[in-house]
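S.K.: pasting a predicted model and its sequence here:
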Amino acid sequence: MCEVGDELRATRATLPVGLVGVYFARLAGRASIAASRSEGTAVNVDLANVRRRLEPAFSAHAAREADHVYQFRIGGEAAFHLRVHAGALEVGEGQHPDPSVTFMFEDVDTALGVVTGTVDPMAAFMAGRIRTDGNLILALQLRLLFTA
């Protein structure tokens, strides 16, 4: 955790005063994700619950031309992935071999809330509760595939 404090001190001089708190919140979020990785605890995700929460909100019409895989990592572990192809949604367990974009969340409720619109993605990002890796455009478009 010392490296988080060191990074904050090194960056504090270059940030406007109002952004120091926001930046620290993001660093704290990164530290808690890293801590959960180092603890080595497996993440159990109930795929039936994921399907139950996502399928009613999925818009087949909006996804009719899509062919993407969205990987979800919860607490540092590859928990599940969504494959959106030709208007269909498939929920798969674990790591997909070739995801289009990867989302990293602290917990599954935040992940599903961001996708379905019950959690503000910008607030989650600023609080360090969400990170992405891969195609940023696809990451931003995922929310458009689900109705509020």
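M.R.: Nice, thanks for sending it over.
S.K.: ok, which stretches of the chain are helices?
M.R.: 2-12, 17-39, 47-54, 108-116, 121-126, 136-141 (DSSP state H).
S.K.: worst mean pLDDT among those?
M.R.: Note on these: helix 17-39 shows the lowest mean pLDDT, a mean of 39.
S.K.: tell me which residue is most central in the protein.
M.R.: In the chain, the residue lying closest to the centroid (CA atoms, centre = their mean) is F103, at 3.4 Å.
S.K.: quick one: residues contacting it.
M.R.: Y70, Q71, F72, R73, A111, V114, I130, R131, T132, A139 (CB atoms under 8 Å, 6 or more residues apart in numbering). For every residue, glycine as well, the C-beta is placed using N, CA and C.
S.K.: right, and the last one touches T132 too?
M.R.: Going back to what we said before, that points to A139. Yes: using CB atoms under 8 Å, A139 is in contact with T132, at 4.6 Å.
S.K.: tell me, what's touching those two both at once?
M.R.: Joint contacts of A139 and T132 (CB under 8 Å, 6+ apart) are V101, F103.
S.K.: the contacts of F103 in strands, which ones?
M.R.: Per DSSP state E, strands hold the following members of the contacts of F103: Y70, Q71, F72, R73, I130, R131, T132.
S.K.: what is the neighbour count of the last one?
M.R.: I take that to be T132. The local packing of T132 (other CB atoms under 10 Å) involves 18 other residues.
S.K.: report the beta-bridge partners for it.
M.R.: Note on T132: beta-bridge partners by DSSP bridges are F103.
S.K.: and it, how far from T147?
M.R.: 22 Å (CB to CB, to the nearest Å).
S.K.: next: the third one.
M.R.: From F72 over to T147 the distance is 19 Å, taken as CB to CB.
S.K.: please apply the same query to the first one.
M.R.: For Y70, the distance to T147 under the criterion CB to CB works out to 17 Å.
S.K.: neighbour-wise, which of those two wins?
M.R.: Y70 (24 against 11).
S.K.: need the nearest residue in space to that one, chain neighbours excluded.
M.R.: Closest residue in space to Y70, ignoring its immediate chain neighbours: L82 at 4.4 Å, by CB to CB, 6 or more residues apart in numbering.
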